[in-house]
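*Asks:* any chance you can model this:
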Amino acid sequence: VLSLARQLLSVATFIPIMIASEKNSKSSTDVDKESSSNVEEEGVRPMWMSALELALWNFGAQGFCTAGLLYSSAARASFLTQTSVVLTPLISALAGEKIKSQVWGGCGIALGGLYLISTAAVTGDVVDSSASVIDSAVSNQGDILVLLGALSWSTYIVRTSKLANSYKELDLQFTKSAMLAVMYGGWFITTAMSALSNAGTSFFQAGWI
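*Replies:* Below is the predicted model of the structure:
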């Protein structure tokens, strides 16, 4: 519900900007038309496909982190999500980009701090949970989900930097945000129907609506 509400507000903020942009585009020259035609000739895929890819990476980032919070504490999750600081340059390097040594040094320091803080958080969690094996396994499951969310977010950042130059940034982000809102809407409906089904209730039950 929170993710859906946040994304709907995000889409709403684009509406006045899109209207203003549409008015400005009517007085623009033919340079944009020539550049857009050149992009199409280069074989760039349709914008909606790139927007869908970015929406899926963004949805994965939020979705995995949200699911991880079912098993890990908010403190642990908040620290583990910061691994995206390290993962982003790593993914960029794997994609062929040259990363400066200063960046790798900063990543190393960030990773060390992350380890120290996370270890302290784990110690506190173990004391509070009586150090049970089951709690530890569940916590690890949540950590993995959160790390997958951080990986998805880093991939989203890298892919955005790659795709942004091929399209109008405003149109791309608006389309991505709208698709993301649809995804969150589907997640909300699926979860609500599942909860009602488990409670022996239905959307169509008399008097429910």
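*Asks:* who's in contact with stretch 49-69?
*Replies:* For stretch 49-69, contacts defined as CB atoms under 8 Å, 6 or more residues apart in numbering pick out 3, 77, 80-81, 142-146, 148-150, 152-153, 155-156, 159-160, 163, 166-167, 172, 175-177, 179-180, 183-184, 187. For glycine as for every other residue, the C-beta is placed from the backbone atoms N, C-alpha and C.
*Asks:* and the host helix or strand of Arg76, how far from the chain's centre?
*Replies:* In this structure, Arg76 sits in helix 74-80 according to DSSP states H and E. Distance of helix 74-80 from its chain centroid, counting by CA atoms, centre = their mean, to the nearest Å, is 16 Å.
*Asks:* what packs against that helix?
*Replies:* Applying 3 or more CB pairs under 8 Å, 6 or more residues apart in numbering; DSSP states H and E, one finds that helix 74-80 makes contact with helix 47-68, helix 101-128, helix 133-163.
*Asks:* that helix: which residues count as buried?
*Replies:* For helix 74-80, a neighbour-count test (16 or more other CB atoms under 10 Å) marks 76-77, 79-80 as buried.
*Asks:* what's the burial count for Glu22?
*Replies:* Around Glu22 there are 9 other residues, counting by other CB atoms under 10 Å.
*Asks:* do the same with Gly142
*Replies:* 20.
*Asks:* how near is it to Phe14?
*Replies:* 33 Å (CB to CB, to the nearest Å).
*Asks:* also Ile157?
*Replies:* In terms of CB to CB, Ile157 sits 20 Å off from Phe14.
*Asks:* likewise for Leu4?
*Replies:* 16 Å.
*Asks:* so where's the protein uncertain?
*Replies:* Low-confidence segments of the chain (pLDDT under 70): 26-43, 118-139, 201-209.
*Asks:* name the SS class of Ile99, please.
*Replies:* On the three-state scheme (DSSP: H, G, I helix; E, B strand; the rest coil), Ile99 is labelled coil.
*Asks:* now it: phi and psi?
*Replies:* Phi and psi for Ile99, reported as degrees, to the nearest 10, are phi -100, psi 130.
*Asks:* quickly find the element holding Ser21.
*Replies:* Here Ser21, judged by DSSP H and E, is contained in helix 2-26.
*Asks:* that helix versus helix 47-68: what angle between them?
*Replies:* Angle, helix 2-26 to helix 47-68, by axes from the mean of the first three to the mean of the last three CA atoms, to 10 degrees: 160 degrees.
*Asks:* and helix 2-26, what other elements does it pack with?
*Replies:* helix 169-198.
*Asks:* buried ones in the helix it packs on?
*Replies:* 172-181, 183-184, 187.
*Asks:* who are the contact partners of the residue lying closest to Ala55 once chain neighbours are set aside?
*Replies:* Spatial nearest neighbour of Ala55, chain neighbours left out: Met179 (4.0 Å); criterion: CB to CB, 6 or more residues apart in numbering. Counting by CB under 8 Å, 6+ apart, Met179 touches 51-52, 55.
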